[in-house]
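In: one predicted model, sequence on top.
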Amino acid sequence: MKRLIIAAILLALVIATYLTSLFYITDSCNTAKSMIQNTIKVYSEKETAEKEAKNTQKYWDKKEPLLSIFVNHDRIDDIETAISLMNVYAKIPKNELFYEYADNVKVLIHQILEDTKITMHSIF
């Protein structure tokens with residue numbers, strides 16, 4: 001009976017940890033995606049979006065340490081690099097590389113969101 005109670009507690013702990021990580025990853029990635037969308041909108045209107053790009057980078061730097069616990073470090077580093085390059089090109093008016101790196105960040109974040117969804121593929 002003691003083993004069954006311990007197993008139930010461990011199962012509840014695993015499920016709670018997974019759900020917490022799922023909600024944290026989803027919230028962080030969706031907020032980052034909306035910040036990038038806002039940066040793209042401002043860049044297309046004003047031709048520079050330095051302030052918005054810096055805010056996005058600060059947000060990602062704030063969320064990165066805890067995300068690194070749940071997500072592969074390589075993916076986090078790829079996103080951080082792309083955001084840094086997007087930040088550099090956000091200062092230059094009418095630069096197509098800004099849009100390329102912004103889209104790259106959105107795709108990388110989307111991949112993280114897809115990998116955290118509960119599917120048969122992710123379970124097995």
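Out: That came through, no problem. Because the structure is predicted, anything quoted here is derived from the model rather than measured.

In: and for residue 88, the neighbour number?
Out: By the criterion of other C-beta atoms under 10 Å, residue 88 has 15 neighbours. In this view, the C-beta of every residue, glycine as well, is placed from N, C-alpha and C.

In: flag every buried residue along whatever helix or strand it lives in.
Out: Here residue 88 sits within helix 73-89, counting by DSSP states H and E. Neighbour-count burial for helix 73-89 flags 75, 76, 79, 80, 82, 83, 85, 86, 87, 89 (criterion: 16 or more other C-beta atoms under 10 Å).

In: list the residues that contact the residue lying closest to residue 95 once chain neighbours are set aside.
Out: Among residues not flanking residue 95 along the chain, residue 89 sits closest, at 5.0 Å (C-beta to C-beta, 6 or more residues apart in numbering). By C-beta atoms under 8 Å, 6 or more residues apart in numbering, residue 89 lies in contact with 95, 97, 98, 101.

In: by neighbour count, which of these wins?
Out: residue 98 (26 neighbours).

In: list the buried residues of the helix or strand harbouring that one.
Out: Element membership of residue 98, judged by DSSP H and E, is helix 96-116. Residues 98, 101, 102, 104, 105, 106, 108, 109, 112, 116 are the ones in helix 96-116 that count as buried (16+ other C-beta under 10 Å).
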